[in-house]
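Enquirer: quick one: sequence and predicted model below, then my questions.
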Amino acid sequence: MNRTLLYELAWILPSIAIPIGMLVAIVVTTFGMQIHVPTYAGVVRAQTVGETPPFDQPGVAQLGPGRYQVTLLAHTWAFQPNEIRVPAGSEVEFVATSRDVIHGLLIEGTNVNVMLVPGRITRMKARFPRPGEYLFICHEYCGIGHHVMFGKVLVEAAP
Ligand code: CUA
């Protein structure tokens, strides 16, 4: 092999390997780790969201064995509910929106990191394999009380 060919290969091989590596990373994170952008889940009138199901009754509902749904309503400067209890090993779907301004929802130790936009519903799933306390916070600056806008997911040891 002459030197020119070796030099060409030194460029050609990485330029093939890098896109393949990126493709593998996308496939692994999407299908293996369930990391994806939040699903578009509809619209709701922000002015009347407090009277519109399911947001008229924010809280935790059990959908099946190990499956829960949390209806979460954000407003200045609190989450409703701000304490969520589920057993370890649960899969929890969050259905969330904001009543007033743009808020954020970040749950530590999970893949939940979304914006809550008035009028838009956000749907996001998270797994809680281990017991513990998982803080969730608003991470979009939303006014003077932004820093006190938080809650926690209490994951209890499975019976
Ligand atoms: Cu709500 Cu910051």
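Expert: That came through fine.
Enquirer: what residues does the protein put near the ligand?
Expert: W77, H103, C138, E140, Y141, C142, H146, M149 (C-beta under 6 Å from any ligand atom). For glycine as for every other residue, the C-beta is placed from the backbone atoms N, C-alpha and C.
Enquirer: let's go with 5 Å and repeat that
Expert: H103, C138, C142, H146, M149 (C-beta under 5 Å from any ligand atom).
Enquirer: for those residues, which entry has the maximal number of neighbours?
Expert: For the residues of the chain next to the ligand, neighbours were counted using other C-beta atoms under 10 Å, and H103 has the most, 30 neighbours in all.
Enquirer: so what's it up against?
Expert: A74, H75, M115, L116, C138, E140, C142, M149 (C-beta atoms under 8 Å, 6 or more residues apart in numbering).
Enquirer: ok, so of the residues you listed, who is nearest I35?
Expert: Set against I35, the nearest of the contacts of H103 by C-beta to C-beta is M115 (16.4 Å).
Enquirer: number of nearby residues for G64?
Expert: G64: 8 neighbours (other C-beta under 10 Å).
Enquirer: look up phi and psi at it.
Expert: Phi and psi for G64, reported as degrees, to the nearest 10, are phi -180, psi -170.
Enquirer: separation between it and E91?
Expert: Relative to E91, G64 is positioned 9 Å away (C-beta to C-beta, to the nearest Å).
Enquirer: got it, and E133?
Expert: 19 Å.
Enquirer: can I get the contacts of H103 in JSON lines with pLDDT?
Expert: Listed next are these as JSON lines, based on pLDDT from 0 to 100:
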{"residue": "A74", "pLDDT": "95"}
{"residue": "H75", "pLDDT": "94"}
{"residue": "M115", "pLDDT": "93"}
{"residue": "L116", "pLDDT": "94"}
{"residue": "C138", "pLDDT": "97"}
{"residue": "E140", "pLDDT": "95"}
{"residue": "C142", "pLDDT": "95"}
{"residue": "M149", "pLDDT": "96"}
